[in-house]
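> Using only what follows, build the 3D model:
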Amino acid sequence: MAYSSTLQKMKKIIPPINSETITGYLLALLVLIRMFFNAALPLMDKTEARYGEIARIMAETGEWVVLQIDYGIPFWAKPPLSSWLSAASISLFGAQEFFVRLPYLIVSLLLVFFVGKYRPNKKMSKYLPGLILFSIPEFYLHAGVVSTDTLLAFSVAMVMLSFWEAVQPNAKRLWGYLFFVGMGLGLLAKGPILGILTVPPLLLWCAISDFKWRNLIQFPFIIGSLITLLIAVPWYLLAEIRSPGFVDYFIVGEHFKRYLDSSWSGDKYGFPKQQPLGMVWVFLVGATLPWTILFLRKISRKLRTIRTQNWPLFLLLWFVWTPLFFTSSKSLIHPYTLPVMLPFSLLIAHYWSEVKTKKIYLGVSSILPILLIIGYFSSQVDKVFQDNSDKYLIEKLKVSDHSLYALEFKSYSSQFYSNGQIKIINTTELEKKIADNKVFYILIDHSKYKLMDADIKQNLTKLDTSKKRALYKTF
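From the prediction side, this is the model:
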């Protein structure tokens, strides 16, 4: 009797091992691994460390309107939403990597747990759509990367799903307002590109589905538009007033000139991204493996019937529009595919009951993060991180005791991990400082060190090195 009573109590404490429990545990494992990497990995040059440094400067200076890529140097390339969130996290918790990345993890998990609402039936685990989404490599990566693309993907999802909910029979009016809130957030996340990625697929769906256009009457267009403007416009106006030239550079340059001309020479902060036409599809396939195989097999068989099914058609148009739009552009990078990871995962979830090799796909897709954490502790993987961030060269320095310099170039990671104290000097200034017999540290690229005079080199003692540069100290 005592044994039976104990067994009954354990059953109440430990949930039964079923598909719901298994997917829940597997999702929790992937989340824990992502959290580990968010804390363990340094901010990587160039992009992630750049946005991390912009947020750190924002938190330090209290300048929340004009983004700064360095003290007093405005950053016009992106709106502020991602920087606001990272800066707020830094202000609350500190400038450690985990907290700089925390907003992106939270936003990603909000999507992961929300998409369970769209499982095709109650028999499916509520965690399965989110597990599929979180195990897509591109999405998993951006749950721990300081990036504007995560907030853009969130805004796109908010716009698209709010529209879907708002046009359903007896829909709550709140969904219509959330549609316009998503528009406003998207303008602050990455700009007018939000409208380009959402409005065309919505109009296409309305045109070719059995949607009744009169249902749009229930949309709060006037009040909603005011909500969008109130969310986004004040910052744009303040940014232009405080930093004249921003609107022209960001709207005209970043949106039109960058898209139309991959060699655009007006880029102040990046470099030309020369890709072959159609490269976005290669990025898309690589970003969604191994789910790409299942997706292509299923969708190719459903193309004849999908036009008569509103939900799959809605997801398919949402999914294909973004890569179609970027097909004609040579100026792109793989994160441009991130906004379509959600409809991709929901389409797979929609047809999941027809998949015969469920365990294989779940196993293969989930094993990648596990392999990454195993590989992290190998010397080769760890060296990759060291070579793409200057954290390991300068994190142990007491910069307050001696000055830190970089010869002719400083990385964003060296700015971030020195709390903005690193300064650029040229060779003439280096010679002068050596002649003054002052003790200081200096980062020098290997290529520049080879060209230096021997009399300068003899005054430098190498302390540490990476693939790109080394840290020296003078005596």
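> Tell me which helix or strand comes right after the helix or strand of the chain with the lowest mean pLDDT.
Within the chain, no helix or strand scores below helix 2-13, which has a mean of 52 by mean pLDDT, DSSP states H and E. Using DSSP states H and E, the helix or strand that follows helix 2-13 towards the C-terminus is helix 19-40.
> what packs against that next one?
helix 97-114, helix 128-134, helix 358-376 (3 or more CB pairs under 8 Å, 6 or more residues apart in numbering; DSSP states H and E). (Each C-beta comes from the backbone N, C-alpha and C, glycine too.)
> give me that answer again for 10 Å
In terms of contacts (3 or more CB pairs under 10 Å, 6 or more residues apart in numbering; DSSP states H and E), helix 19-40 is packed against helix 97-114, helix 128-134, helix 137-142, helix 358-376.
> Show me the strands in the chain, by range?
Under the criterion DSSP state E, strands of the chain are mapped to 68-70, 73-74, 403-407, 423-425, 440-445, 460-465, 469-474.
> And the ones you listed: which comes nearest residue 134?
strand 68-70 (31.8 Å; CB to CB).
> Pull out the buried positions in that closest one.
68-69 (16 or more other CB atoms under 10 Å).
> Paired strands for that strand, with orientation please.
strand 73-74 (antiparallel) (DSSP bridges).
> For the partner strand, which outside residues touch it?
Strand 73-74 has contacts (CB atoms under 10 Å, 6 or more residues apart in numbering) with 57, 63, 66-68, 239, 242-246, 249, 268-269.
> And those residues, which is the shakiest by pLDDT?
Minimum pLDDT across the contacts of strand 73-74 is recorded for residue 268, with 55.
> from memory residue 236 sits against residue 247, does it?
Yes: contact status for residue 236 versus residue 247: in contact at 6.6 Å, counting by CB atoms under 10 Å.
> Those two: which is more packed in?
residue 236 (18 against 14; other CB atoms under 10 Å).
> Please report how far the more buried one lies from residue 65.
10 Å (CB to CB, to the nearest Å).
> do the same with residue 212
For residue 212 relative to residue 65 (CB to CB), the value is 44 Å.
> Those two: which has the busier surroundings?
Between residue 212 and residue 65, counted using other CB under 10 Å, residue 65 has the larger neighbour count: 14 against 10.
> For the nearest residue to the more buried one once chain neighbours are set aside, give me the pLDDT.
Counting by CB to CB, 6 or more residues apart in numbering, residue 65 lies nearest to residue 238, which is 4.9 Å off, once chain neighbours are set aside. For residue 238, the model assigns a pLDDT of 94.
> For residue 238, grab the count of nearby residues.
14.
> Check residue 220 too.
17.
> Kindly report the same for residue 358.
So residue 358, with other CB under 10 Å, has 13 neighbours.
> same thing with residue 83?
Counted with other CB under 10 Å, residue 83 comes out at 25.
> Hmm, residue 58 and it touching each other?
Yes: in this structure, residue 83 is within contact of residue 58 by CB under 10 Å, at 5.7 Å.
> Pull up the overlap in contacts between those two.
In terms of CB under 10 Å, 6+ apart, residue 83 and residue 58 are both contacted by the residues 64, 67-68, 75.
> How much space separates residue 179 from residue 186?
Counting by CB to CB - residue 179 and residue 186 are separated by 11 Å.
> And these two? Which one has more around it.
residue 186 (30 against 27).
> Now that one: closest residue in space, sequence neighbours ignored.
residue 194 (2.9 Å).
> And residue 124, by the same measure?
Nearest to residue 124 is residue 352, by CB to CB, 6+ apart, at 6.6 Å.
> for the protein, what are the low-confidence residue spans?
For the chain, the stretches with pLDDT under 70 are 1-19, 253-274, 331, 379-384, 398-402.
> how is it carved up into domains?
2-376, 391-474 (automatic domain parsing).
> I'd like to check which residues are in contact with residue 27.
Taking CB under 10 Å, 6+ apart as the test, what residue 27 contacts is 109, 112-113, 116, 125, 127-128, 130-135, 366.
> Repeat the analysis, applying 8 Å as the threshold.
By CB atoms under 8 Å, 6 or more residues apart in numbering, residue 27 lies in contact with 112, 127, 130-131, 134.
> State the pair within the residues you listed that is farthest apart.
Maximum pairwise distance in those, criterion CB to CB, is 9.5 Å, between 127 and 134.
> So for these two, which sits in the more crowded spot?
Each of residue 127 and residue 134 has its neighbours counted (other CB under 10 Å); residue 134 has more, 27 against 24.
> List the contacts of the more buried one.
Residue 134 neighbours (CB under 8 Å, 6+ apart): 27, 30-31, 108, 112, 140, 143.
> Tell me the spacing between residue 283 and residue 173.
When residue 283 is compared with residue 173 (using CB to CB), they lie 38 Å apart.
> Looking at the two, which one has more neighbours?
residue 283 (19 against 12).
> pretty sure that one is touching residue 334, no?
Yes: at 4.3 Å, residue 283 and residue 334 qualify as touching, with contact defined as CB atoms under 8 Å.
> Near residue 155, how many other residues are there?
Neighbours of residue 155 (other CB under 10 Å): 27.
> what sits against it?
Residue 155 neighbours (CB under 8 Å, 6+ apart): 182-183, 185-186, 189-190, 194.
> of those, closest to residue 36?
Among the contacts of residue 155, residue 189 lies closest to residue 36 (CB to CB), at 26.7 Å.
> Quick one: neighbours of that closest one, just the number.
Neighbour number of residue 189 under other CB under 10 Å is 27.
> same deal with residue 195?
Using other CB under 10 Å: residue 195 sits among 14 other residues.
> From residue 188, how far out is it?
When residue 195 is compared with residue 188 (using CB to CB), they lie 13 Å apart.
> swap in residue 90?
Residue 90 is 19 Å from residue 188, where distance means CB to CB.
> Check residue 292 too.
Taking CB to CB, one finds residue 292 at 32 Å from residue 188.
> the more surrounded of those two?
Per other CB under 10 Å, whichever of residue 292 and residue 188 has more neighbours is residue 188, with 21 against 15.
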